[in-house]
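**Q** what shape does this take:
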Amino acid sequence: QLAEERHRVGELVDQFAEVSEAADHPRQWSLAEARTRNLERILRDQARVANETVSAATLREGMQVSRQRLHQLVSQNRLVAIQFSEGGPTRFPFWQFSTGASVRPHDRLPALLAAASEQGMDPLTLHFFMVEPNDRLGGRAPHELMADSQIDQVIDVLASTGLGSF
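**A** Residues are numbered from 1 along each chain as shown. I've put the predicted structure just below:
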């Protein structure tokens with residue numbers, strides 16, 4: 001699976017780094033530069049998500065559930081799953097789990113996911129919302145308040161973000 005991801009990254013780099021030899025026009029160079037910057041951002045985001053999440057296999061083991069049950073939890077909006085490409089590996093953000101001896105989703109996670117859904121947030125946008133410090137939460141990251149059982153404040157801020165669909 002890792003080899004597939006590396007191959008896909010290689011293809012993306014080749015695709016976005018290609019600059020036509022006949023590209024004498026500054027606008028074409030600007031487009032190539034923008035594509036390169038975008039690819040760099042995508043790769044940084046993917047690396048960051050890999051560090052802030054757990055694999056499906058590890059989560060199944062920790063929760064002691066089957067692959068099907070994990071899929072059901074995602075389908076029922078009871079877990080957040082991030083997948084960068086169809087058929088690619090699925091990652092699960094750490095912030096959605098309660099602290100303690102057993103691995104289990106936070107009790108109020110479905111309410112948070114409902115608020116995110118109403119705002120049109122995709123899983124990746126929600127993840128970055130949850131891990132970034134937020135001025136409306138006193139400079140704390142939403143996941144910190146969630147861990148302190150202050151999830152209602154997080155839901156209020158999330159419900160008022162007005163992000164909508166992109």
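**Q** just checking, what packs against the helix or strand harbouring residue 36?
**A** Under the criterion of DSSP states H and E, residue 36 resides in helix 26-51. Secondary-structure packing of helix 26-51 (3 or more CB pairs under 8 Å, 6 or more residues apart in numbering; DSSP states H and E): helix 2-17, strand 90-93, helix 123-131. Glycine gets a C-beta too; all of them are placed from N, C-alpha and C.
**Q** 6 Å - rerun?
**A** Contacts defined by 3 or more CB pairs under 6 Å, 6 or more residues apart in numbering; DSSP states H and E place helix 26-51 against helix 2-17.
**Q** give me the next element, helix or strand, following the helix holding residue 36.
**A** strand 53-55.
**Q** show the average pLDDT along whichever helix or strand comes after that following strand.
**A** Per DSSP H and E, the first helix or strand lying C-terminal to strand 53-55 is helix 56-63. In this model, helix 56-63 has an average pLDDT of 91.
**Q** contacts for helix 56-63 next, please.
**A** 70, 90, 92, 103 (CB atoms under 6 Å, 6 or more residues apart in numbering).
**Q** pull the number of nearby residues for residue 99.
**A** When neighbours are counted by other CB atoms under 10 Å, residue 99 registers 6.
**Q** let me fix that, I meant to ask about residue 67.
**A** When counting by other CB under 10 Å, one arrives at 10 neighbours for residue 67.
**Q** roughly how far does residue 153 sit from residue 48?
**A** Taking CB to CB, to the nearest Å as the measure, residue 153 falls 25 Å from residue 48.
**Q** oops, could you answer that again for residue 36 instead?
**A** Note on residue 36: its distance to residue 48, by CB to CB, is 19 Å.
**Q** repeat that for residue 78.
**A** Counting by CB to CB - residue 78 and residue 48 are separated by 24 Å.
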